[in-house]
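1. Need coordinates for the following:
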Amino acid sequence: MYACQTCGSIAGLRQNSILIQVRDTPLHRQSAGENVLNRVRVWDLPTRVFHWGLVFCFVGLVTTGAVGGQAMVWHFRFGYCVLSLLLFRLVWGFVGGTWSRFSVFITGPATVLRYARGEGTAQQSVGHNPLGALSVLALLGFAVLQVAAGLFSDDEIAAAGPLAKMVANSWVSLATYYHTKIGKIILIVLVQLHIAAIIFYRIRRNENLLLPMLNGDKELAQPFESARDDSESRTKALVLFGVCAVCVTGLVQWAR
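-> Model prediction:
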């Protein structure tokens, strides 16, 4: 008799457990009208390391450029790191994770205007939205110009870019003026606008753009494709960055 009661209790517990599991599935929660969020890997680890590496180097460049003197040795080192990072990002924009690829977030003017009018699709907000893509492209483009100008710059005191001796003085003067007077200001303004956009989205739209760039994930209402972010892709990125760093080092050594 006790054995039967025990078996009945166990069967009842199993039924309750199964019922709880069914009620906890996304399909059941959707049918009950609950909001179900899907975790999507948006930014792979290489993209995140690139982003924060660029932030670190940008702070280092601004600081060492302002200090001058012996700090310019590190200014050049930061510049070479930025060039390596930019070369990596250029290639990674074609072979990296889904949402890091240029083909996904670079759009035409009509798409940008529709998004600005509030007519964008949910997919356009997974990674860089059309407006954010403009900011990213501007930052990358002007960063390339700034580094290129630095390679040809000469302050006529103690610091000269490795390629300055290979071009006419007029080009060196032009590169130096752009690097110190124009390009630097443009990049600082773009970075400030970038930070302002992050704050705006956090306060006005309740969207945290910073957290996904830390952990890689976004919680979205729709189950979009996750970016590949496994050991194989990370190894590929590491090798790619190593090649970019070797190329930059070779360029500098050759110029000297």
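
2. how much space between the residue nearest the centre of the chain and Gln253?
-> Note on the chain: the residue nearest the mean C-alpha position is His51, at 4.4 Å, using CA atoms, centre = their mean. His51 sits 28 Å away from Gln253, going by CB to CB, to the nearest Å. Heads up, the C-betas are built off the backbone N, CA and C, glycines and all.

3. likewise Val59?
-> For Val59, the distance to Gln253 - CB to CB - is 27 Å.

4. residues touching the residue nearest to the centre of the chain, list them.
-> Trp43, Met213 (CB atoms under 8 Å, 6 or more residues apart in numbering).

5. what pLDDT does it get?
-> On the pLDDT scale, His51 is placed at 97.

6. Was I right to think Trp74 contacts Gly60?
-> Yes. With contact defined as CB atoms under 8 Å, Trp74 and Gly60 form a contacting pair (6.7 Å).

7. So if I had to pick from these two, which one is more boxed in?
-> Gly60 (18 against 15; other CB atoms under 10 Å).

8. what's the helix or strand for the nearest residue in space to the more buried one that is not next to it in sequence?
-> Distances taken as CB to CB, 6 or more residues apart in numbering put Phe78 closest to Gly60, at 4.3 Å, once the chain neighbours are dropped. Per DSSP states H and E: Phe78 is located in helix 72-95.

9. Could you pull out the buried residues of that helix?
-> For helix 72-95, burial by neighbour count (16 or more other CB atoms under 10 Å) applies to 72, 75-76, 78-89, 92-93.

10. Also stretch 221-234?
-> By neighbour count on 16+ other CB under 10 Å, the buried set for stretch 221-234 is Phe224, Ser226, Ala227, Asp229, Ser233.

11. Over to Lys218: give its phi and psi.
-> The phi/psi pair for Lys218 (degrees, to the nearest 10) reads phi -130, psi 150.

12. do the one 3 residues further on as well
-> The phi and psi torsions at Ala221 (degrees, to the nearest 10) take the values phi -70, psi -30.

13. okay but it is in contact with Val126, surely?
-> No. Between Ala221 and Val126 there is no contact under CB under 8 Å: 10.8 Å.

14. Just the mean pLDDT for stretch 138-153, thanks.
-> pLDDT averaged over stretch 138-153 gives 97.

15. list the buried ones in that stretch?
-> 138-140, 142-153.

16. again, but for stretch 194-210
-> Ile198, Tyr201, Leu209.

17. Show me the strands in this protein, by range?
-> Taking DSSP state E as the criterion, the chain carries its strands at 38-41, 217-220.

18. Name the residues that touch the last one?
-> Read that as strand 217-220. Strand 217-220 has contacts (CB under 8 Å, 6+ apart) with Leu37, Asn38, Arg39, Val40, Arg41, Val42, Ala122, Val126, Pro212.
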